[in-house]
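**Q** based on what follows, work out the 3D shape:
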Amino acid sequence: MLTQPLMLTAPERAELTRRARSRAGRAEDARIARLLLLLSDGRTYREIAALVDCSEPFISKWKRRFTADRLAGLYTRHAGREATALTPKMEARILEWTRRAPTDGTTQWSTRRLAKRLKVHHMMVARVWKKNGIQPHRMERYMASDDPDFETKAADVIGLYLHPPHHAAVFSVDEKTAIQALDRKDPILPFSPGRAERHGFEYIRHGTLSLYAALNTKTGLVVGQTAERHTSQAFIAFLASLLTTVPPRQEVHVICDNLSAHKTTHVQAFVAAHPRLHLHFTPTYASWLNQVELWFSKIERDLIHRGVFRSVPDLARRIMKYIRHYNQDPRPIKWKYADPTHRIRTA
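**A** Numbering: from 1, shown residues only. Got it, this is the predicted structure:
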């Protein structure tokens, strides 16, 4: 197809030549500049299409735009979307709707569902959520204590942590029940770069045992004892062994929860027979006040969760070995309770 050469002024030719040779600009701009320079040299559309690797309608479109607006017409045009700005009013509206229950039967909003409901882009919703620290997909559980003497009992326990009696030993005591001695039918495949350790799905259950543990709140040392069941007699036996670990005349304060096995007449008789032993009970549904629960979570992560145990005695042996190694470098828990007004209330 013959075409009239495109007439260029000296400044236009210089600018188009600069764009065609540019290594830093957009490749599309360089291609458009090349085809316009070829048009000015009198080349045909077919020749230009072969040299620039484009279609003849593409050449015609950019020639038409250049003829109409000269260099000002050489920019890519697209319909795009209507520009929307995140105003304080829109941010407040997104936050308000985020706190509402979804209307589509789901339990929480996603960025795309809320954006569709408010007719905005989903990234706008995501930015508002990130700015305000909102994660609707996450959920946490809590247990609110209904103990009418919550403040009194909590103050007693916290006082033992922060200001323990002089010349007295304070222990945080609890039992971890129903620890399963699980064995695997299939061999464990060790981890490797880019691959986690893999356990077989099937397992063999050999039985369970309970672990009694007493955490010395001052030194971090742990006294442990395993038992087949968590009964009041087993609890009394553990208290008796605990008393042997401290000097005969030293006062012993034990913090424990409200398990019925801790309050039987046999336990009360044992405490009465040992005047230096004092039991302090946490408020109901407030076992988080018991520091030994933090240590239980540690042994769960370090040993029990991924452990493979051939029998119940093997499980007991491994637990006691873990406690002995832990006591070689014990660390007390630094307890803080900065703001009592943060207590969870349901009403």
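
**Q** low-confidence ranges in the stretch 51-200 of the chain?
**A** Counting by pLDDT under 70, the ranges of the stretch 51-200 of the chain that qualify are 76-84.

**Q** which residues in it form strands?
**A** 168-184 (DSSP state E, counting those that start in this stretch).

**Q** Ala272: neighbour count?
**A** Residues lying near Ala272 (other Cβ atoms under 10 Å) number 9. C-beta: built from backbone N, CA, C; applies to glycine.

**Q** so what pLDDT did it get?
**A** On the pLDDT scale, Ala272 is placed at 94.

**Q** what residue lies at the spatial centre of the protein?
**A** Nearest to the mean C-alpha position of the chain, by Cα atoms, centre = their mean, lies Arg138 at 9.1 Å.

**Q** pretty sure Leu294 sits in a helix.
**A** Yes: assessed by DSSP: H, G, I helix; E, B strand; the rest coil, Leu294 belongs to a helix.

**Q** wait, what's in contact with it?
**A** By Cβ atoms under 8 Å, 6 or more residues apart in numbering, Leu294 lies in contact with Ile333.

**Q** next one: Asp257
**A** Asp174, Phe281, Thr282, Ser287, Asn290.

**Q** and Ser55, how far is that from Ile48?
**A** 10 Å (Cβ to Cβ, to the nearest Å).

**Q** count the neighbours of Thr111 for me.
**A** For Thr111, using other Cβ under 10 Å, the count is 20.

**Q** gap between it and Gly133?
**A** According to Cβ to Cβ, Thr111 stands 15 Å off from Gly133.

**Q** now do Ile179
**A** 37 Å.

**Q** more neighbours: which of these two?
**A** Ile179 (23 against 6).

**Q** what's the distance between that one and Val312?
**A** 9 Å.

**Q** so what's in contact with these two at the same time?
**A** Common neighbours of Ile179 and Val312 (Cβ under 8 Å, 6+ apart) are Thr208, Leu209.

**Q** where are the low-confidence patches of the stretch 201-347 of the chain?
**A** Residue ranges of the stretch 201-347 of the chain with pLDDT under 70: 336-347.

**Q** can you map out the helices along it?
**A** Assigned by DSSP state H, counting those that start in this stretch, the helices in the stretch 201-347 of the chain fall at 232-243, 265-273, 292-299, 312-326.

**Q** break the protein into its domains for me.
**A** 10-73, 88-131, 150-341 (automatic domain parsing).

**Q** adding distance to Gln4, write the ones you listed out as CSV.
**A** Below are the domains of the chain laid out as CSV (distance: least, Cβ to Cβ, whole Å):
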stretch, distance to Gln4
domain 10-73, 8
domain 88-131, 46
domain 150-341, 63
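
**Q** quick one: closest of these to Met143.
**A** Closest approach to Met143 among the domains of the chain (Cβ to Cβ): domain 150-341, 4.7 Å.

**Q** how many residues are close by Arg18?
**A** Neighbour count of Arg18, defined by other Cβ under 10 Å: 12.

**Q** an error on my part: the question was meant for His121.
**A** Using other Cβ under 10 Å, His121 has 15 other residues around it.

**Q** distance check, it against Ile94.
**A** With Cβ to Cβ as the criterion, His121 and Ile94 are 11 Å apart.

**Q** likewise for Asp183?
**A** From Asp183 over to Ile94 the distance is 52 Å, taken as Cβ to Cβ.

**Q** go on, His137?
**A** 16 Å.

**Q** those two: which is more packed in?
**A** Comparing His137 with Ile94 by other Cβ under 10 Å, the one with more neighbours is Ile94, at 23 against 10.

**Q** let me see the contact set for that one.
**A** Neighbouring residues of Ile94 by Cβ under 8 Å, 6+ apart: Leu114, Leu118, Val120, Met124, Val125, Val128.

**Q** for those, which single residue is the most surrounded?
**A** Highest count within these by other Cβ under 10 Å belongs to Val125, 28 neighbours.

**Q** can you count the residues close to Val308?
**A** Other residues close to Val308 by other Cβ under 10 Å number 16.
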